[in-house]
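[1] following is a predicted model, sequence given first.
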Amino acid sequence: MMQPAVAPQEDPRLLVLDPQAARWKDTRMRDLADHVREGDLLVLNDAATLPASLAARTGSGDETEVRLLARRPDGRWRAVLLGAGDWRIPTENRPAPPRVAIGEPLLFHDRFLAIVTEVSSLSPRLVTVKFESTAFWRELYRHARPVQYSYLRDALELWDVQTPYASRPWAVEAPSAGRPLRWPLLAEVKARGGRLATLTHAAGLSSTGDPAIDAALPFPEAYEVPRETAEAVSATKGRVIAVGTTVVRALESWAATGILAGETDLRIGPETKLRAVDGLLTGLHEPHASHFGLLQAFAPRPFLERAYAHAESAGYLWHELGDSNLILPGAGI
Amino acid sequence: MDVRGRGVLITGASRGLGAALARELAKRGARLFLVARGAGELERVAEEIRAAGGEAHAFAADVGDKRAVHAIAGAAGATIGAVDVLVHDASTLGRTPLATLLDTECEDLERVLAVNLVGPFRLTKAIAGSMAVRGGGLVIAISSDAATSAYPTWGAYGVSKAALDHLQKIWAEELPEVRFVSVDPGEMDTRMHADAIPDADPATLARPEEVAGRIANLIERAGSLPNGTRVIAAEQAS
């Protein structure tokens, strides 16, 4: 089984897959630009990662962790409640959270307050909450921490979970594919005739530890494709390379509907015919349903399985701080 | 750059030059995110701008606090969207009355560097990357005459501003997609000046409103300036 990276890495490895040639190559992230050609377009998700984890007490004093999932268009938040315990306990091993009903107050540090306005029929721990604050962002940044991962060596600080080009705080988990894209790397992509474009996509939680909720992920997520980015994608003569699966979801949603900004419930899988994106830079993740399914829109399953088996035997690290994977037709390897 | 509709983040915006620049840019249609330590004073500046029909959001934070920096950048992004112009105006003299270096405590120097140098570094680091991938943006650092002339008792402050100017120049070399400019505003009739030189004659000092007008003009034509340049406000068109 592949091992997770337990701390941020200086120079992650990069497994390059060329599905056209059915070949792969072991390289380093610093060599990313070797695979970019003049006319290619690299599309980045500039969502900053917000602190989405709040230690709370219910009205009756029970401890719970409120994990924000997504901001609804009306300003309320969809959230998941986790049982007591800190981040070192895997979410699936945490005790059940307290049961809450509509109207339940959630207190953060005994004052910053939210009210439960909806409890999902999917799971009693999936709720919608409304924050009662005139200074929501200040309070959130004061009381909340970034979502943590139990396999990490140290707790993550907010600066550990940002990409180098983060802008609006839309993501509840880091759009982690872009984390290793240091500026000299992007400058080299440009020097070789590649271009950069951005969009914003509200990356949601990758898992919650609740099988009923996890089976329904990903939930609808907000995205915004700037007009310049849409035009750049349409005009690209080379390949459009998405940095992160969130970029695939946003660009393919726009390509399918023509809608530049909104919420998308598009799921991408083996049957998806990609309209906008040609290649994908992503992390290496457990080959569980949704991530591996998405990869199959780029490469056939047997090839991906062989490549993942190679990654495992070659000691690649996976998960949020792990090594990277470029799937690119004509990668030049 | 026409500032109309642009997102502008100003630190040190609760009084003096920062507040004057906020009012001036709001008048020109910029969308402002204002930062300072004192919540009450800052909220009054924002409220005054809103009452005059402008857009301003107040966010009380200390730029010298590492933990505050991502909160500032994140809350700015959430409220005004992408930051097009970042103005580092917050600064501290350190302990007053000002002291010679022999009488300056190491901790006082550290605090001055934390607010005047490391704070701007962190905030630029949190914001300039997104400016660079979008293909543009402007970072203004408010400097001082004390950055280039060695005035006795201005050691900690002068060193911090000299380093801030140099930081801007190096950012400009490394990140040519973004424009970095340092501005020496000259001596102004502000509380900071009164703290530093209590017996100065206010009649000899520039009004912050007038300097703010010159800096706003500078922001609007920053695209024509060489990157990393240092300018003197009094030499700019008013």
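    Yes, it's here.
[2] contacts, neighbours, all on C-alpha from now
    Noted.
[3] burial check on residue B:196, number of neighbours?
    Burial of residue B:196, expressed as a neighbour count using other Cα atoms under 10 Å in any protein chain shown, amounts to 18.
[4] quick one: the helices in chain B?
    Taking DSSP state H as the criterion, chain B carries its helices at B:16-27, B:39-51, B:66-80, B:106-113, B:119-134, B:155-174, B:191-196, B:208-220.
[5] equivalent analysis for chain A, please.
    Counting by DSSP H, one finds helices in chain A at the ranges A:136-143, A:183-191, A:211-216, A:227-235, A:245-257, A:289-295, A:301-313.
[6] return the residues of the stretch 151-300 of chain A in contact with chain B.
    Taking Cα under 8 Å from any Cα of the partner chain as the criterion, the neighbours of chain B within the stretch 151-300 of chain A are A:158-159, A:164-170, A:183, A:196-198.
[7] for the one helix or strand in chain B whose mean pLDDT sits lowest, list every residue counted as buried.
    Comparing helices and strands within chain B by mean pLDDT, DSSP states H and E singles out helix B:191-196 as the least confident, with a mean of 92. Of the residues in helix B:191-196, those buried under the neighbour-count criterion (16 or more other Cα atoms under 10 Å in any protein chain shown) are B:192, B:193, B:196.
[8] what residues are up against the second one?
    Residue B:193 is in contact with residue B:187, counting by Cα atoms under 8 Å, 6 or more residues apart in numbering or on different chains.
[9] 10 Å instead?
    Contacts for residue B:193 were tallied using Cα atoms under 10 Å, 6 or more residues apart in numbering or on different chains; they are B:16, B:93, B:187, B:199, B:200, B:202, B:205.
[10] correct me, but residue A:237 touches residue A:195?
    No: between residue A:237 and residue A:195 there is no contact under Cα atoms under 10 Å: 11.4 Å.
[11] okay, the two: which has more neighbours?
    In this view residue A:237 and residue A:195 are compared by other Cα under 10 Å, and residue A:195 has more residues nearby, 22 against 12.
[12] quick check: closest non-adjacent residue to that one.
    Nearest-residue entry for residue A:195: residue A:41, 4.8 Å, with adjacent residues in sequence omitted and distances by Cα to Cα, 6 or more residues apart in numbering or on different chains.
[13] mind checking how far that neighbour is from chain B?
    Plainly put, residue A:41 is 12 Å away from chain B if you go by Cα to the nearest Cα, to the nearest Å.
[14] excluding its backbone neighbours, what's nearest residue A:107?
    In space, residue A:107 comes closest to residue A:113 once its chain neighbours are excluded; the distance is 4.8 Å by Cα to Cα, 6+ apart.
[15] next, count neighbours for the one you found.
    Other residues near residue A:113 number 20, with proximity taken as other Cα under 10 Å.
[16] of the contacts of residue B:193, which is the most crowded?
    Using other Cα under 10 Å as the neighbour definition, the contacts of residue B:193 reach their maximum at residue B:93, which records 24 neighbours.
[17] please name the nearest non-neighbouring residue to that one.
    Counting by Cα to Cα, 6+ apart, the nearest residue to residue B:93 once its immediate chain neighbours are dropped is residue B:157, at 5.5 Å.
[18] quick one, phi psi at the residue nearest the centre of chain B?
    Nearest to the mean C-alpha position of chain B, counting by Cα atoms, centre = their mean, stands residue B:89 at 1.7 Å. Here is the backbone geometry of residue B:89 (degrees, to the nearest 10): phi -110, psi -30.
[19] that one against residue B:140, yeah?
    Yes: counting by Cα under 10 Å, residue B:89 does reach residue B:140; the two are 8.3 Å apart.
[20] can you list residues touching both of those two?
    B:10, B:183.
[21] of the residues of the stretch 151-300 of chain A next to chain B - the most surrounded one?
    The member of these that has the most neighbours, counting by other Cα under 10 Å, is residue A:166 with 32 neighbours.
[22] what residues does chain B have near chain A?
    Contacts of chain B with chain A, taken as Cα under 10 Å from any Cα of the partner chain, map to B:58-61, B:66-83, B:125-135, B:174-175.
[23] put the buried members of the residues you listed into a PyMOL selection.
    To isolate in PyMOL the members of the residues of chain B next to chain A that are buried, counting by 16+ other Cα under 10 Å, one can use:
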select buried, chain B and resi 58+59+60+61+67+68+69+70+71+72+73+74+75+76+77+78+79+80+81+82+83+125+126+127+128+129+130+131+132+133+134+175
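[24] pull the number of nearby residues for residue B:98.
    There are 19 residues near residue B:98, going by other Cα under 10 Å.
[25] which residues sit in contact with the closest residue to it other than its chain neighbours?
    Using Cα to Cα, 6+ apart and skipping residues adjacent in sequence, the residue nearest residue B:98 is residue B:153, 5.4 Å away. For residue B:153, the set of contacting residues under the criterion of Cα under 10 Å, 6+ apart consists of B:96, B:97, B:98, B:99, B:100, B:101, B:102, B:103, B:104, B:196.
[26] what do you get for residue B:120?
    The neighbours of residue B:120, taking Cα under 10 Å, 6+ apart as the test, are B:11, B:63-64, B:69, B:86-91, B:113-114, B:126, B:139, B:141, B:164, B:167-168.
[27] ditto for residue A:226
    When the contact criterion is Cα under 10 Å, 6+ apart, the partners of residue A:226 are A:197, A:198, A:199, A:200, A:232, A:260, A:261.
[28] tell me the phi and psi of it?
    In terms of degrees, to the nearest 10, the main-chain angles of residue A:226 are phi -60, psi 150.
[29] find the pair from the contacts of residue B:153 with maximum spatial separation.
    By the measure Cα to Cα, B:102 and B:196 form the most distant pair in these, at 17.8 Å.
[30] for the residue of chain B lying at maximal distance from its centre, list the residues it contacts.
    Largest separation from the mean C-alpha position in chain B: residue B:102, at 28.6 Å (Cα atoms, centre = their mean). Neighbour list for residue B:102: B:153, B:155 [criterion: Cα under 10 Å, 6+ apart].
[31] with adjacent residues omitted, what lies nearest to residue A:170?
    Residue nearest to residue A:170 in three dimensions, not counting chain neighbours: residue A:202, with 4.7 Å by Cα to Cα, 6+ apart.
[32] that neighbour and residue A:218 touch, don't they?
    No: assessed by Cα under 10 Å, residue A:202 is found out of contact with residue A:218, at 11.1 Å.
[33] looking at the two, which is more packed in?
    Using other Cα under 10 Å, the more surrounded residue of residue A:202 and residue A:218 is residue A:202, with 30 against 19.
[34] output the least confident helix or strand of chain B as PDB, nothing but the C-alphas.
    What follows is the C-alpha trace of helix B:191-196 in PDB, where atoms were taken according to Å, rounded to 0.1, in the frame of the first residue of the first chain:
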ATOM      1  CA  ARG B 191      -0.100  61.700  15.000                       C
ATOM      2  CA  MET B 192       3.000  59.600  14.100                       C
ATOM      3  CA  HIS B 193       4.900  62.800  13.300                       C
ATOM      4  CA  ALA B 194       3.800  64.400  16.500                       C
ATOM      5  CA  ASP B 195       4.900  61.300  18.400                       C
ATOM      6  CA  ALA B 196       8.300  61.500  16.800                       C
END
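[35] so what's the gap between it and the chain middle?
    Distance of helix B:191-196 from its chain centroid, counting by Cα atoms, centre = their mean, to the nearest Å, is 16 Å.
[36] now do stretch B:193-204
    Averaged C-alpha coordinates place stretch B:193-204 at 21 Å from its chain's average position (Cα atoms, centre = their mean).
[37] contacts only, for the spatially most central residue of chain A.
    For chain A, residue A:175 is the residue whose C-alpha lies nearest the centre (Cα atoms, centre = their mean; 4.0 Å). Residue A:175 makes contacts with A:44-49, A:161-163, A:166, A:201-204, A:243-247, A:282-283, A:320, as judged by Cα under 10 Å, 6+ apart.
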